[in-house]
Each structure stands twice: as structure tokens, then as C-alpha cells.
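Student: Mind folding the following:
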Amino acid sequence: MTEKSLTAANVAISFAMLGKKTLLIDADMRKLIQRRLWRTNPTTGLFDFLAKIQDLCIYDVEGISFSIVCTGTIPPNPSELLSSEGMKNFVEECSKLYE
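Tutor: This is a model prediction of the structure:
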């Protein structure tokens, strides 16, 4: 596991333990660390949603106010999706629901 992925997970857990409604968005296209760390096996994720292939799947962690969006299927054009208007809208909508 990478230090960056573990740090992101630990920061998210810390916020959630403070009572903040937290969403961890995994957008690492090279390594699917959060998926393995949280032992989820999503059939869909962020990139499937941004590419309008499938609906978004958000996983809730039991016991704390913490949710995760996994990467999903790695597309041939991840940088385009990350810089898209859809990603901007997704982050804006998430900021209304999560702290």
C-alpha cells in the first residue's frame, strides 16, 4: 500500500470520528488501494459514473459517518474524466452532502 492512500484513509477516518460526515473519493487510476484497504469489490465506481456507464455506488463504513467512492473501471482517458464538467458537478454535489 502507498503512503498517500493510507494517509488519505486515515485523514478521512479522523474526520469521521470527529463526527463530520465524510466521503473518501478514490481517483487513483494506477493502484486500486482503497478498494483493497476497505475490502470492497465494487462493480462500479467514480469513472463508470463520470463516463455515464453506470450509476454511482457509495459504500458506507459501519459504525461511523464515513463513506467511500471507489475508482471503478479504469477508462482509457482518466485525465479527461477527472477534468470534466461532470467531475466538477460531482464534487459540488458531494460538498452539499458531506463535510
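
Student: so what's Asp26 up against?
Tutor: Neighbouring residues of Asp26 by CB atoms under 8 Å, 6 or more residues apart in numbering: 32-35, 45-46, 68-71. Glycine gets a C-beta too; all of them are placed from N, C-alpha and C.

Student: Swap in 10 Å and give it another go.
Tutor: 5, 8-9, 32-35, 37-38, 40, 42, 45-46, 68-72 (CB atoms under 10 Å, 6 or more residues apart in numbering).

Student: What's the separation between it and Glu85?
Tutor: 21 Å (CB to CB, to the nearest Å).

Student: Now Glu99: closest residue in space that isn't a chain neighbour?
Tutor: Excluding the flanking residues, the one nearest Glu99 by CB to CB, 6 or more residues apart in numbering is Lys20, at 4.2 Å.

Student: Distance of that neighbour relative to Lys52?
Tutor: 30 Å.

Student: Between the two, which is the more surrounded one?
Tutor: Ranked by neighbour count (other CB atoms under 10 Å), Lys20 and Lys52 place Lys20 first, with 14 against 8.

Student: Touching, that one and Ser67? I think so.
Tutor: No: judged on CB atoms under 10 Å, Lys20 makes no contact with Ser67 at a distance of 11.7 Å.

Student: Next, show the common contact partners of those two.
Tutor: 12, 98.

Student: Looking at the longest helix seen in the chain now, give me its mean pLDDT.
Tutor: If you go by DSSP state H, the chain has its longest helix at helix 3-17. Helix 3-17 comes out with an average pLDDT of 91.

Student: Check what contacts it and list those residues.
Tutor: 1-2, 20-26, 28, 31-34, 36-38, 61, 63-68, 98-99.

Student: try 8 Å
Tutor: Counting by CB under 8 Å, 6+ apart, 22-24, 28, 31, 33-34, 37-38, 61, 64-66, 99 sit against helix 3-17.

Student: Which of those residues fall in strands?
Tutor: Using DSSP state E, the members of the contacts of helix 3-17 that fall within strands are 22-24, 61, 66.

Student: Please identify the residue most distant from the middle of the protein.
Tutor: Using CA atoms, centre = their mean, the residue of the chain lying farthest from its centre is Leu18. It sits 19.7 Å away.
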